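*Asks:* Structure, please.
(2 chains)
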Amino acid sequence: MRKARYLPAIAFISIVLLPGLALAENASDFLKQYEAAALQAPSFKGFSPQRGESFFRATHGRDWSCASCHTQNPTAAGKHAKTDKQIAPLAPTANAERFTRPDKVEKWFKRNCNDVLGRACNAQEKGDVLAYLISLKK
Amino acid sequence: MKLLNRFVVLVLASTTLTLSVGALADMRISTASNPAWKAECGSCHLAYPPSLLPADAWRAVMAGLDKHFGADASVDAKTAAEIGAFLEKHAGASRGKTAKPILRITETAWFKHEHDEVGAAVWRNPKVKTPVNCAACHRGAEQGNFDEHDIRLPK
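*Replies:* Next comes the predicted model:
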């Protein structure tokens, strides 16, 4: 009889909460996805935090780099280059919310690559930058 | 005498009431909120209250989000529909017809008029940096409070 009292709670957890947990991702899940996509190119030789850092700091034929807003130190808060609005730290070590939601990650890569490069970023570029961000310690 | 006193009090009271209601109406900025609007419009700049632009201007803003004042601010279709409906529902009144709607709030006659006492030195202050930075002086802007009594110019 006692067990039966917990049944609704158990059912709730397994039906509602667990699938939600399975959907939540972390930064290394994203890295695996980019790797799977980057492997389509036969020349792919893995991701490089150093290459990611250079990419992050450089401009790419336009006014802004990633660092223009996220600063040279992605573990610290950034500031929008135009409006001065504060931006939460980008590195997952400094901000646990980063790289947890695929819709958000894709939205910002789409927008920001467009602003910085004038095109979408490819899987190699995304993976290099993410490898760089993951390598940063708080 | 008593009657006259009462009359004076009544006149004073009604004048005060009319003046304060008038002042309120003049600077009333909608505090309507919507989670998608707050999250999307508030990530790169303050989520500007919908009452600051008329509906046709908001429609044009929403139609050009991929080229939003020099940045890509595009959102998915479902979110765009929700935010667009919210903005139009709470949009401000059209103030005179222009051939093309003014999309920059800072270029509207209303904004210029409200800020005509603000000196050039204030705008040049690095803590203000740009007129889009409402919260530099309107300390309650994030909560929708633009009351002129709550303005504090940064030093």
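*Asks:* what residues are up against the most centrally placed residue in chain B?
*Replies:* Closest residue to the average C-alpha location of chain B: B:Leu52 at 4.1 Å, with Cα atoms, centre = their mean. Counting by Cβ atoms under 8 Å, 6 or more residues apart in numbering or on different chains, B:Leu52 makes contact with B:Ile29, B:Gly92, B:Ile105, B:Thr108, B:Trp110, B:Phe111. Just so you know, the C-beta spots here come from the backbone N, C-alpha and C atoms, and that holds for glycine as well.
*Asks:* And for the third one, the neighbour number?
*Replies:* In this case it means B:Ile105. Other residues near B:Ile105 come to 17 when the count uses other Cβ atoms under 10 Å in any protein chain shown.
*Asks:* what's the closest non-adjacent residue to it?
*Replies:* In this structure, B:Ile105 finds its nearest non-sequential neighbour in B:Leu52, 5.0 Å apart by Cβ to Cβ, 6 or more residues apart in numbering or on different chains.
*Asks:* Repeat that for A:Ala58.
*Replies:* In this structure, A:Ala58 finds its nearest non-sequential neighbour in A:Ser65, 5.7 Å apart by Cβ to Cβ, 6+ apart.
*Asks:* any idea how far the one you found lies from B:Cys137?
*Replies:* According to Cβ to Cβ, to the nearest Å, A:Ser65 stands 30 Å off from B:Cys137.
*Asks:* Equivalent analysis for B:Gly42, please.
*Replies:* 18 Å.
*Asks:* which regions of chain B lie under the pLDDT threshold?
*Replies:* B:1-28, B:97 (pLDDT under 70).
*Asks:* got the domain boundaries for it?
*Replies:* Following automatic domain parsing, one finds the domains of chain B at B:1-30, B:31-101, B:115-155.
*Asks:* one step back: for the residue nearest to A:Ala58, what is the enclosing helix or strand?
*Replies:* Taking DSSP states H and E as the definition, A:Ser65 sits outside all helices and strands.
*Asks:* near chain A, which residues of chain B?
*Replies:* Proximity of chain B to chain A, by Cβ under 8 Å from any Cβ of the partner chain, involves residues B:43-46, B:66, B:69-76, B:129-130, B:132-133, B:136.
*Asks:* which stretches of chain A form strands?
*Replies:* Applying DSSP state E to chain A gives strands spanning A:78-79, A:86-87.
*Asks:* out of those strands, nearest to A:Leu133?
*Replies:* Closest to A:Leu133 of the strands of chain A, according to Cβ to Cβ: strand A:78-79, at 12.6 Å.
*Asks:* that older thread, deepest in the core, which of the domains of chain B is it.
*Replies:* Mean neighbours per residue, mean count of other Cβ atoms under 10 Å in any protein chain shown, is largest over those for domain B:31-101, with a mean of 16.
*Asks:* Now do the end-to-end distance for that one.
*Replies:* Start-to-end span of domain B:31-101 (Cα to Cα, to the nearest Å) is 23 Å.
*Asks:* How far off centre is that domain?
*Replies:* Chain-centre distance of domain B:31-101: 12 Å, with Cα atoms, centre = their mean, to the nearest Å.
*Asks:* so B:Glu88 is in which element?
*Replies:* Per DSSP H and E: helix B:77-89 holds B:Glu88.
*Asks:* Please save the CA atoms from that helix in PDB.
*Replies:* The C-alpha trace of helix B:77-89 is given here as PDB (Å, rounded to 0.1, in the frame of the first residue of the first chain):
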ATOM      1  CA  ALA B  77       9.400  32.000 -37.300                       C
ATOM      2  CA  LYS B  78       7.300  31.000 -34.300                       C
ATOM      3  CA  THR B  79       9.200  33.400 -31.900                       C
ATOM      4  CA  ALA B  80       9.000  36.200 -34.500                       C
ATOM      5  CA  ALA B  81       5.200  35.800 -34.800                       C
ATOM      6  CA  GLU B  82       4.800  35.900 -31.000                       C
ATOM      7  CA  ILE B  83       7.000  38.900 -30.500                       C
ATOM      8  CA  GLY B  84       5.500  40.700 -33.500                       C
ATOM      9  CA  ALA B  85       2.000  40.200 -32.100                       C
ATOM     10  CA  PHE B  86       3.000  41.500 -28.700                       C
ATOM     11  CA  LEU B  87       4.700  44.600 -30.100                       C
ATOM     12  CA  GLU B  88       1.800  45.500 -32.300                       C
ATOM     13  CA  LYS B  89      -0.700  44.900 -29.500                       C
END
